[in-house]
Each structure stands twice: as C-alpha cells, then as structure tokens.
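Undergrad: Quick one: sequence plus predicted model below, questions after.
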Amino acid sequence: MKILKFSWETEYSWGIGKSTTKRIVQRKTEFCFIDKFEEIKMENNSFAVTLSDNIFLKEELLNEYYIKLKFPSYFGFNWDALYDCLAYMENIQQKNVIIYHNALPQLNDNDMKIYLKILKDSSGEWIGMDWCANNHTINIYFSMQDYDKVQQLIG
C-alpha cells in the first residue's frame, strides 16, 4: 500500500455578540493506493462504496456519487454540491465512510484536478471538532496503478 498524506490547520470562530469562541482544528487527509478492494480494513461501523470503472464525464461521476452515497434530493449535480454533500454527510449514519476507485474517472485534467481537490478537502478526519454532531471520517482509496497519475495531478 502507498499513501499520500495531507495535513493542515484551520481556525474556526463562533458565538454571539461579545462572547466569541475560537478554536484551532486540524484536518488530516490521506489518499491510499492498494491493489484490490479486499485490502481495505473495514471497521464495524463503516459504509463503503466502489465507484464505477467506466466514468468518462463529470455528470456521470456526480450521478454515481448521488446514487451510491445516497445524496439528498436537493443535490445540485455540480462540484460545489459534491463538496458540500461529502463535507456534511448528513445522509450516512455510519461514521467511517470508504470511497474506493477501482480505476480513475477518465475526466479531462482540469476536472480531475478539481475532483481530487474536493476529495482532499472533504475527506479525512477533523481533529478538535468533537462539538460537531456530524463528524464523519471519509477514507479515499485508489488502485495502485493510478498512484503516479494522482500524484502528478495534485502536484
């Protein structure tokens, strides 16, 4: 297994009037590359999906997510809507969500960069957000054969 790791910190502020609370939270994300789906270690409380091998258009990819991740009916079928639904995952009860790409979608490079950035920004685990009731961990897996392409696209 190969792993690409990303980590960053963000400051959040919330409150009313003069009573404002600030908190630093950290986001830890990694893309894992494996030879086959069976290598994924599933926890008891996991929701796993395998995306289709035959995705050639952005619209096909968004529809795949809409169906397999049970996105709400108001899903807008655009990149912003994908990010929002992945980041707030209100429709999935399990806290551990696994998204496996048996093969990369065959999108143009610009759409692939956007897609990978959305996965990077919405997946992983928030550290320090225990106050968030909808605190999912999203794990992203790709086929080992796509390691070089993903690394090239995310630069």
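TA: Nice, I can see it.

Undergrad: I140 should be in a helix, yeah?
TA: No - looking at I140 with DSSP: H, G, I helix; E, B strand; the rest coil, it is strand, so not inside a helix.

Undergrad: What about it, how many residues nearby?
TA: When counting by other C-beta atoms under 10 Å, one arrives at 23 neighbours for I140. Any C-beta I mention is one placed from the backbone N, CA and C, and that applies to glycine too.

Undergrad: start the count at 45, not 1, going forward
TA: All right, first residue 45 from here; so that's I184.

Undergrad: Kindly state the beta-bridge partners for it.
TA: Per DSSP bridges, the residues bridged to I184 are F75, I143.

Undergrad: tell me the strands in this structure, going along the chain?
TA: Counting by DSSP state E, the segments of the chain that form strands are 46-60, 63-78, 90-95, 140-145, 169-171, 181-187.

Undergrad: which secondary structure elements does the last one contact?
TA: Secondary-structure packing of strand 181-187 (3 or more C-beta pairs under 8 Å, 6 or more residues apart in numbering; DSSP states H and E): strand 63-78, strand 140-145.

Undergrad: Comparing those, which yields the minimum mean pLDDT?
TA: Of all these, mean pLDDT reaches its minimum on strand 63-78 (a mean of 70).

Undergrad: Scan this structure for its longest helix.
TA: Ordering each helix of the chain by length in residues (DSSP state H) puts helix 153-166 first.

Undergrad: okay but N146 is in contact with I99, surely?
TA: No - using C-beta atoms under 8 Å, N146 is not in contact with I99; the gap is 10.4 Å.

Undergrad: and the two? which has more neighbours close in?
TA: Using other C-beta under 10 Å as the criterion, N146 and I99 rank with I99 on top: 19 against 15.
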